[in-house]
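Chemist: Quick one, fold the following:
(one chain, ligands or ions: 1)
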Amino acid sequence: MLLQIEIGDSIGVGHEYTSGLNAPPNDLGFYQHPIHTGLKPGMYSDDTQMSLIIAEMVIDARMGSFVFTELDVANRFVSGFKRDPRKGYSRGLQTLLEEVRNGSELLSRINEHGRTDKNGAAMRIAPLVYLTDNLDELFRINEIVSGITHEGTAIEAARCVLVCCWALKYKNSSLNEMLEYIKTYFDSSLKLDQPWMERVKVSNDLGLITVRAAITSVIMSNGILSDVIKTAIGLGGDTDTVASIASAIASQSKDIKDDITPKDSSFNYLIHQMENSNYGVNYIKIIDKMLEGSNASSLSVSCS
Ligand SMILES: [Mg+2]
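Modeler: Residues are numbered from 1 along each chain as shown. The predicted structure is shown next:
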């Protein structure tokens, strides 16, 4: 899952909020983002970094060495950023992560400034599904993990990503069955089972819109990961986040073939073009293997 998130993110980030002549071709290439010049082609952004941090918490929790409390999660968000400072976060959170020294400072600054209903909670939550097959427990921990920075419909948006991944991973659902689970768990007024075919731009309920766009990208694709990513980028706007979430969901689906990460796949050359710094693609691969390596449902989970 994590490697697929990284691919969607690092391809999508070159297209983020570009349009017209500024928009690079939607051809799975890695392109320079016009504003985040610190992010070179092939590098990932906040979506992968925060997903990686959550993946590491899941691995540690399964081994009994981490407990999902608000403060411990906030500490991991800060330390995960500080070890590898990266651009691409929303301006507010980027500044906070640069200025605070620990999770306690992060929490008190967020309490001062308030939380958001945008898509940052949804963009990072998918790896949590590897913690347990108990959906109520996933919902409970989502409240803690997402509630650090987000509120309102942003929490629902993250919860929807979990339902999608949970249905595909543990219920072996088809994509149509996944939509039925969404109808079961979410109020119809949120429209999470409805397609989103427009540009994903900053607006109220951006979290919900982003998740709808990601689900639409998976469903509208022709059954291969490369097409999921192209479809996500084709919608425009917050392309890296839509592509990251779509890739995370696609990675769990029996209906979507991964035509990028396996060595004999036609787009595997992309993996060799990706950043390979200390926390680059090889590190992501190791954490991904650890994340996917255990049967989460058989492990005791340490939560409070
Ligand atoms: Mg990003």
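Chemist: What does the nearest residue to Ser45 once chain neighbours are set aside show for phi and psi?
Modeler: Counting by Cβ to Cβ, 6 or more residues apart in numbering, Gly88 is the residue found nearest to Ser45 once chain neighbours are left out, at 3.1 Å. Backbone N, C-alpha and C define where each C-beta goes, glycine included. Backbone torsions for Gly88, taken as degrees, to the nearest 10, come to phi 120, psi -10.
Chemist: In the stretch 51-200 of the chain, which residue sits closest to the ion?
Modeler: Using Cβ to the ion, the point where the stretch 51-200 of the chain gets nearest to the ion is Gly88, with a distance of 4.2 Å.
Chemist: wait, what's in contact with Leu2?
Modeler: Going by Cβ atoms under 8 Å, 6 or more residues apart in numbering, Leu2 touches 48, 51-52, 55, 127, 284, 287-288, 291.
Chemist: Tell me where the protein is predicted with low confidence.
Modeler: Counting by pLDDT under 70, the chain has low-confidence residues at 294-304.
Chemist: residue contacts, the residue of it found nearest the ion?
Modeler: In the chain, the residue that lies nearest the ion is Ser45 (3.4 Å; Cβ to the ion). The contact partners of Ser45, by Cβ under 8 Å, 6+ apart, come to 9-10, 13, 36, 39, 86-89, 240.
Chemist: And for Ser202, the neighbour number?
Modeler: For the record, residue 202 is Val, not Ser. By the criterion of other Cβ atoms under 10 Å, Val202 has 12 neighbours.
Chemist: For Phe139, see how far away the nearest residue to it once chain neighbours are set aside is.
Modeler: Ranked by Cβ to Cβ, 6+ apart and with sequence neighbours excluded, the top spatial neighbour of Val202 is Lys118, at 7.3 Å. Relative to Phe139, Lys118 is positioned 20 Å away (Cβ to Cβ, to the nearest Å).
Chemist: what about those two, which has more around it?
Modeler: Each of Lys118 and Phe139 had its neighbours counted (other Cβ under 10 Å), and the higher figure belongs to Lys118 (26 against 16).
Chemist: is it true that the more buried one touches Leu208?
Modeler: No - in this structure, Lys118 sits apart from Leu208 without contact. The criterion is Cβ atoms under 8 Å, and the distance is 10.2 Å.
Chemist: In contact with the residue nearest to Ser45, which residues?
Modeler: Taking Cβ under 8 Å, 6+ apart as the contact definition, Gly88 lies against 13, 33, 36, 39, 45-47, 94, 240.
Chemist: Can you flag which of these belong to helices?
Modeler: Within the contacts of Gly88, residues falling in helices by DSSP state H are 46-47, 94, 240.
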